[in-house]
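J.: Okay, predicted coordinates and the sequence, questions at the end:
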Amino acid sequence: MPAGGRLLRALCLLALAPWPMPAQTQDAWPSKPIRLILPFPPGGPTDILGRIVSERLSGSLGQPVVVENRGGAGGNVGAEAAARSAPDGYTILLVSNPIAISPSLYTKLNYDPQKDFAPVSLLATVPNVMVTHPSVPAHTLQEFIALAKSRPGKMNFGSGGAGTSNHAAGELFNIVAGVKLVHVPYKGVNLAMNDVLAGQIQLVVIGVPAAGPHIKAGRLRALAVIAPQRLPALPDVPTVAEAGLPNFEVTTWYGVLAPAGTPKPIIGRLNTDLGRIMHSPDLKERLAAMATEPATGTPEEFADFIKRETAKWAGVVRDAGLKVD
């Protein structure tokens, strides 16, 4: 066979040979269960919302989203565990206000909220309510402030731990109301509320979903809701502005973070699915009953939101002279 014929035959055989496929670097995501870390104990507001989200996200992703409660140190134990996890999309973290408060409050923090996480999405906001025990001789917020001023250092407020939104709210209340309530930290805000119910402490600032049933049953007295207008869930409770404290603003918010380095396509998929979940018609009524407002957005918007919150609470921590070792 002439040389030209042999070359043509070789080229034809090469064209018919199977072309080698590139090696697949990773399985299609998600191919196994995903861990959702909740940095507070079971039973509190973070736990309630986290389980709602995990159930629906499981259906959306086609893989189980397993809740893991890792409470302690005002949410920092769970946050640190998430920060140290592999950035492969199989660990995500449900966060709230403490992620923006801890950097200025704690002298030693074993993670960097700005550098160690990739924002996924803001999820929701929840208005807070100021509650006390019915035995406290104060039926309005102004009466409570007057009582606290007459007993400096002898009344207290509870929180879910140093650096939580309840802690920051209590310290901000001290500043704007000119009182000196003593901080009593717990391992979860639901535990602080339990001691208000028992009459052991005088005040807690807590989300409406947790306190609402006790207020309606008369086991807690609501002094004011921290919201721009009255809430359908508690129509008879005045706002803080109506109660004479217009500069007191503390809204609890929730969002999802992933470890820094998590691939952007995974972040994008989570963001899209979480947005769809939080605004789904079947969840709307349930969230409304919990006084929870969906507040989703882009990862970039959530990153900017965290930066603004961090700056805001740094000022409160500074003015209150707070530090935790």
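T.: In hand now; what should we look at?

J.: and residue 61, what does it touch?
T.: Contact analysis of residue 61 by C-beta atoms under 8 Å, 6 or more residues apart in numbering lists 30, 34, 269, 273. Yep, even glycine has a C-beta here, placed from its N, CA and C like the rest.

J.: So which of those are in strands?
T.: Counting by DSSP state E, these place residue 34 in strands.

J.: Quickly name whichever of the contacts of residue 61 is closest to residue 200.
T.: Nearest to residue 200 among the contacts of residue 61: residue 34, at 39.1 Å, using C-beta to C-beta.

J.: Which strand residues bridge that closest one?
T.: Using DSSP bridges, the bridge partners assigned to residue 34 are residue 65.

J.: count of neighbours near it?
T.: Neighbour count of residue 34, defined by other C-beta atoms under 10 Å: 20.

J.: for residue 87, same thing?
T.: Residues lying near residue 87 (other C-beta under 10 Å) number 17.

J.: Then residue 308?
T.: For residue 308, the neighbour count with other C-beta under 10 Å is 10.

J.: Ends of stretch 123-140, what's the gap?
T.: For stretch 123-140, the first-to-last residue distance is 32 Å (C-alpha to C-alpha, to the nearest Å).

J.: Buried residues, that stretch. List them.
T.: 123-133, 136, 138 (16 or more other C-beta atoms under 10 Å).

J.: Tell me which of those residues fall in strands.
T.: 123, 124, 125, 126, 127, 128, 129, 130, 131, 132.

J.: what's the closest of the buried residues of stretch 123-140 to residue 197?
T.: Nearest to residue 197, judged by C-beta to C-beta, of the buried residues of stretch 123-140 is residue 133 at 7.1 Å.

J.: So that closest one sits against residue 223, correct?
T.: No: when contacts are counted by C-beta atoms under 8 Å, residue 133 is not listed as touching residue 223 (11.2 Å).

J.: how about the ones in strands among the buried residues of stretch 123-140 in JSON lines, adding pLDDT and distance to residue 116?
T.: Formatted as JSON lines, those follow (pLDDT from 0 to 100; distance: C-beta to C-beta, whole Å):
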{"residue": "123", "pLDDT": "97", "distance to residue 116": "20"}
{"residue": "124", "pLDDT": "96", "distance to residue 116": "23"}
{"residue": "125", "pLDDT": "94", "distance to residue 116": "24"}
{"residue": "126", "pLDDT": "91", "distance to residue 116": "25"}
{"residue": "127", "pLDDT": "92", "distance to residue 116": "30"}
{"residue": "128", "pLDDT": "94", "distance to residue 116": "28"}
{"residue": "129", "pLDDT": "96", "distance to residue 116": "33"}
{"residue": "130", "pLDDT": "98", "distance to residue 116": "34"}
{"residue": "131", "pLDDT": "98", "distance to residue 116": "35"}
{"residue": "132", "pLDDT": "98", "distance to residue 116": "38"}
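
J.: and which of those residues is nearest to residue 245?
T.: So of those, ranked by how close each gets to residue 245 (C-beta to C-beta), first place is residue 130, at 9.3 Å.

J.: Pretty sure residue 125 sits against residue 293.
T.: Yes: the criterion here is C-beta under 8 Å, and residue 125 meets it with residue 293 at 5.1 Å.
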